[in-house]
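Undergrad: Sequence plus predicted model, see below.
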Amino acid sequence: MPFPINRPRRLRRTETIRRMVRETRLSADDLILPMFVCAGRGVKKAVASMPGVAQMSVDNVVAEARETWAAGVPAVILFGIPERKDAMGSEAWNDDGEVQRAIREIKERVPGLTVITDVCMCEYTDHGHCGALSGNDVDNDATLELLTRSALSHARAGADIVAPSDMMDGRVGAIRTALDSSGFSHVAIMAYSAKFASAFYGPFREAAESAPKFGDRRSYQMDPPNGDEAMREVALDLEEGADIVMVKPALPYLDLILRVKQEFNAPVAAYNVSGEYSMIRAAGINGWIDEERATMEVLTSIKRAGADLILTYFAKDVARKLRG
């Protein structure tokens, strides 16, 4: 019926009524905290472009993991920063590397926490690209072997989920085959299926020390205007054995999060990336916005678009707020 019989404002009148009819509910169970693992002991090196985020040695990563679990966050994702880099990124599959040691320590000391590991070469190569080079181009098929070595090393250390983020063709199938044939059929794959060549990754590259030494990543990460291509990438990863698919970044691609959920009805993750985080933090620090409200609004929008899981540097603080 038309106004004045129909008055939608009746259901907005009080906070209690708004809670009762709220359509989208963000939960701590939706959240995954990214962490950056570096060499040494007692290290907690602040990332200048990401206030509140730090590179941490394994002992501090474990302490942060305890706090994260206590806050109600069910999972972390680990990114490694090795002491030594080479053209092939061989530290990525070092069983005594920073990420591998962190996995073992977390699984021993915080056993309930799900440990996800980033599988990519960019943090480990001296050139900063996501795989083995052929001239100035990343050799797709040669890189698959490196990625499988890394994933297997993480699985041996006890990772629950491996997350290939390199955007090489065929990497999900190669990793799934390698895991299954090596006794790790229980390890899940969270694929960065629609990862775009985005301007929002800048702060992450400082945190992970992974900026390319030449060129860019547009020959393997996706072109931002392409939505249909993103759906093809998701379909391929699911066919190859992905258990969870991801859209990255989140905010500029909310439409694609919705499309992925509607078209595939598979578990969908979205990465609230470093640039999205840093914009809110910087504006909050400067008093330009209400940081807490903006954070909740942004993460709720990602959930409303269809994401089941949200990777976000706000995870611990938001989980504490949600628990009251």
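TA: Happy to help now that I have it.
Undergrad: how far does stretch 306-317 sit from the chain's center?
TA: 9 Å (Cα atoms, centre = their mean, to the nearest Å).
Undergrad: ok, residues contacting it?
TA: Residues outside stretch 306-317 that contact it (Cβ atoms under 8 Å, 6 or more residues apart in numbering): 30-34, 50, 52-53, 67-68, 71, 73, 75, 77, 244, 246-247, 250, 257-258, 260-262, 267-272, 274, 277, 295, 299, 302-303, 318. Quick note: C-beta positions are derived from backbone N, CA and C, even for glycine.
Undergrad: could you give the mean pLDDT of stretch 108-126?
TA: The pLDDT scores in stretch 108-126 average 97.
Undergrad: tell me what the helix or strand of the chain with the lowest mean pLDDT is packed against?
TA: Lowest mean confidence among the helices and strands of the chain (mean pLDDT, DSSP states H and E): helix 202-207, at a mean of 91. Secondary-structure packing of helix 202-207 (3 or more Cβ pairs under 8 Å, 6 or more residues apart in numbering; DSSP states H and E): helix 274-285.
Undergrad: And the next helix or strand after the helix it packs on, what does it pack against?
TA: Per DSSP states H and E, helix 274-285 leads on to helix 291-305 as the next helix or strand towards the C-terminus. In terms of contacts (3+ Cβ pairs under 8 Å, 6+ apart), helix 291-305 is packed against helix 254-264, strand 268-272, helix 274-285, strand 309-312, helix 315-323.
Undergrad: and the angle for the longest one with strand 268-272?
TA: Counting by axes from the mean of the first three to the mean of the last three Cα atoms, to 10 degrees, helix 274-285 lies at 50 degrees to strand 268-272.
Undergrad: tell me which residues of the helix or strand harbouring Ala70 are tucked away?
TA: Secondary-structure assignment from DSSP H and E places Ala70 in helix 58-71. The neighbour-count check on helix 58-71 (16 or more other Cβ atoms under 10 Å) flags 58-62, 64-65, 68-69, 71 as buried.
Undergrad: ditto for stretch 25-32
TA: Residues of stretch 25-32 classed as buried: 26, 28, 30-32 (neighbour count, 16+ other Cβ under 10 Å).
Undergrad: circling back to that earlier point, Met190: which of the helices and strands packed on helix 291-305 is closest?
TA: Minimum separation from Met190 across the helices and strands packed on helix 291-305 (Cβ to Cβ) falls at strand 268-272, 6.0 Å.
Undergrad: looking only at pLDDT, what's the mean for the closest one?
TA: 98.
Undergrad: hey, what's Leu311 bridged with?
TA: Note on Leu311: beta-bridge partners Ile32, Tyr271, judged by DSSP bridges.
Undergrad: What distance do you get for it to Tyr271?
TA: With the distance defined as Cβ to Cβ, to the nearest Å, Leu311 ends up 4 Å from Tyr271.
Undergrad: Can you work out which residues contact both of these two?
TA: Met246.
Undergrad: who's in contact with Met231?
TA: Contact analysis of Met231 by Cβ under 8 Å, 6+ apart lists 256, 259-260, 263.
Undergrad: how about the strand or helix carrying it as PDB, C-alpha atoms only?
TA: For Met231, the host element (DSSP H and E) is helix 227-240. Extracted C-alpha coordinates of helix 227-240, given in PDB (Å, rounded to 0.1, in the frame of the first residue of the first chain):
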ATOM      1  CA  GLY A 227      33.800  -9.500 -15.100                       C
ATOM      2  CA  ASP A 228      32.900 -12.300 -17.500                       C
ATOM      3  CA  GLU A 229      36.600 -13.400 -17.500                       C
ATOM      4  CA  ALA A 230      36.500 -13.500 -13.800                       C
ATOM      5  CA  MET A 231      33.600 -16.000 -13.900                       C
ATOM      6  CA  ARG A 232      35.600 -18.200 -16.300                       C
ATOM      7  CA  GLU A 233      38.500 -18.100 -13.900                       C
ATOM      8  CA  VAL A 234      36.300 -19.100 -11.000                       C
ATOM      9  CA  ALA A 235      34.800 -22.000 -13.100                       C
ATOM     10  CA  LEU A 236      38.200 -23.300 -14.000                       C
ATOM     11  CA  ASP A 237      39.500 -23.300 -10.400                       C
ATOM     12  CA  LEU A 238      36.400 -25.100  -9.200                       C
ATOM     13  CA  GLU A 239      36.800 -27.700 -12.000                       C
ATOM     14  CA  GLU A 240      40.500 -28.200 -10.900                       C
END
